[in-house]
Structure formats: structure tokens, C-alpha cells
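> Sequence and predicted structure are below.
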Amino acid sequence: MAKVKNVKIYKKRAIQLIRLAIELAKNNDVELARMYIKLAILYSRKIKFKIPLEYKRLFCRKCFTPLIVGLTERRRIKNKVLVRTCLYCGWTRRYKLQYQTTHKKSKS
Ligand SMILES: [Zn+2]
């Protein structure tokens with residue numbers, strides 16, 4: 001039986017792996033970075049926790065390359081839609097841009 005405590009540890013570890021992967025990608029070590037992302041995803045699947053959305057958006061869902069603008073990712077804004085393209089596999093994702101409202105919660 002998995003303990004709740006372990007979930008927290010693995011979730012923290014997964015986030016650390018994603019952060020590390022981004023640093024590695026910045027240093028052109030994309031292969032290793034991908035392995036770290038895959039490991040983070042493996043943790044989330046096996047231990048059953050969700051990777052926070054802000055971290056999920058940091059890597060390509062198809063080839064697991066950390067997305068860094070100008071390096072591994074291209075961003076274009078067309079008709080208020082943000083188009084993100086992974087330069088490795090051509091994966092694209094569209095985000096509708098919303099005007100920021102005063103209701104936006106600030107997270108520390
Ligand atoms: Zn990709």
C-alpha cells in the first residue's frame with residue numbers, strides 16, 4: 001500500500017525533475033532533459049498524482065522536450081491565439097489569450 005506521504009515526496013521530486021530538465025535544455029543537453037521529463041511523468045502515472053498545470057506547460061506533450069522560447073519552442077500570436085510549436089517534433093498547441101482581469105489570484 002502506498003502511503004500518502006510518499007505521494008507528496010514523489011510529486012515534489014517530479015517538479016524538481018522538470019525544473020532540472022529545463023536547466024539542462026538551456027545548456028543544450030536536450031537528451032538528458034527529455035529523460036528527466038519522462039521520469040517525472042512516470043512518477044505521476046505510477047504514484048497517481050497530477051503534475052501542476054504550470055509545470056505541464058513547460059514541456060512538449062509529444063516528445064517531452066522542455067519548451068524554451070527561442071531554443072526549443074516557437075511562439076506566435078495570431079488573432080489573439082497563442083500558438084506554441086515544439087521545434088523538435090512540430091507539436092503545436094493553441095491557447096486563447098484572455099485579457100487579464102482584476103480577479104486574477106496571485107500565488108506566492
Ligand atoms: Zn515535441
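That came through, no problem. Numbers count the residues shown, from 1 in each chain.
> low pLDDT regions in the chain?
1-4, 99-108 (pLDDT under 70).
> Which residue ranges of it form helices?
4-26, 30-46, 53-56 (DSSP state H).
> quick one, which of those helices is nearest to residue 88?
Closest to residue 88 of the helices of the chain, according to C-beta to C-beta: helix 30-46, at 7.5 Å. Every C-beta, even on glycine, is put in place using the N, C-alpha and C of the backbone.
> and that closest one, what other elements does it pack with?
helix 4-26 (3 or more C-beta pairs under 8 Å, 6 or more residues apart in numbering; DSSP states H and E).
> Identify all contacting residues around the helix it packs on.
30, 32-34, 36-37, 39-41, 43-44, 47-49, 51-52, 55, 58-59, 65-66, 68, 71-72 (C-beta atoms under 8 Å, 6 or more residues apart in numbering).
> What subset of those is buried?
30, 33-34, 36-37, 39-41, 43-44, 47, 51, 55, 58-59, 65-66, 68, 72 (16 or more other C-beta atoms under 10 Å).
> how about the residues of the chain near the ion?
Taking C-beta under 5 Å from the ion as the contact definition, the chain meets the ion at 60, 62-63, 65, 86, 88-89, 91.
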